[in-house]
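In: Mind folding the following:
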Amino acid sequence: MLDKHFSEKLSSRLPVIAIYSIYEILIPILKRYNNKKLVTLQVHTSSDKHGYGDIEIYDKNNNPFEIVEIKHNIPISDDLIFDIVKKTQNTKINRYYILTTFKKCFKNKEIEKSVNEFIMQIKYEKKIDIIANGILTTLKYYLRFIDDYSFFIETYTSNLINDAKNSTEIKSFHIKKWTKILKEYNAT
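Out: Model (predicted):
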């Protein structure tokens, strides 16, 4: 359902809302996130200028704990990992996710190997966990922690509607398409 929705035109905000929605559900129930705060979703274009990523989780002392950067139809590369290193050089972030909707995450196996080696080097030198993965794969992992998937669908739908009211990125055709997908899969 999400894959279909993400393929809609002008859809770079949709994966951000999906990941944000799953965090809204998981933070209150997973031990890893005790005393952590999910920062309110910012306008999509502003996150890179004013923060560390698209989705940010802070600890009780208001320090960045976990960051998620989402790329839409862009393969993960060494350059993207290097950007993470630059963004995080003056802070101690526990974990940084770089997620993409690009079908195979990387352009090819050589780039995947190079990125993974670079990530291991950063983990050793800077003590930051960088996780490079696909959006849908990550969502599948996270959905295993939820007893009822309809809760995720409700949260995602609500966040789409709220985002359409608060930003210019979610259009009425995005919501109409999601409604059509829900009916198609009898998920309403």
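In: in this structure, which ranges drop under the pLDDT threshold?
Out: Scanning the chain for pLDDT under 70 picks out 44-50, 188.
In: Could I get the full set of strands for it?
Out: Counting by DSSP state E, the chain has strands at residues 37-38, 55-58, 64-71, 95-100, 129-134.
In: and residue 178, which of these is closest to it?
Out: Distance to residue 178, taken as C-beta to C-beta, is lowest for strand 64-71 among the strands of the chain, at 17.7 Å. Bear in mind the C-beta positions are built from the backbone N, C-alpha and C, glycine included.
In: Next, the angle strand 95-100 makes with the closest one.
Out: Interaxial angle, strand 64-71 versus strand 95-100 (axes from the mean of the first three to the mean of the last three C-alpha atoms, to 10 degrees): 10 degrees.
In: buried set for strand 64-71?
Out: The neighbour-count check on strand 64-71 (16 or more other C-beta atoms under 10 Å) flags 64, 65, 66, 67, 68, 69, 70, 71 as buried.
In: List just the nearest of these to residue 15.
Out: Looking across these and measuring by C-beta to C-beta, the closest to residue 15 is residue 70, at 5.2 Å.
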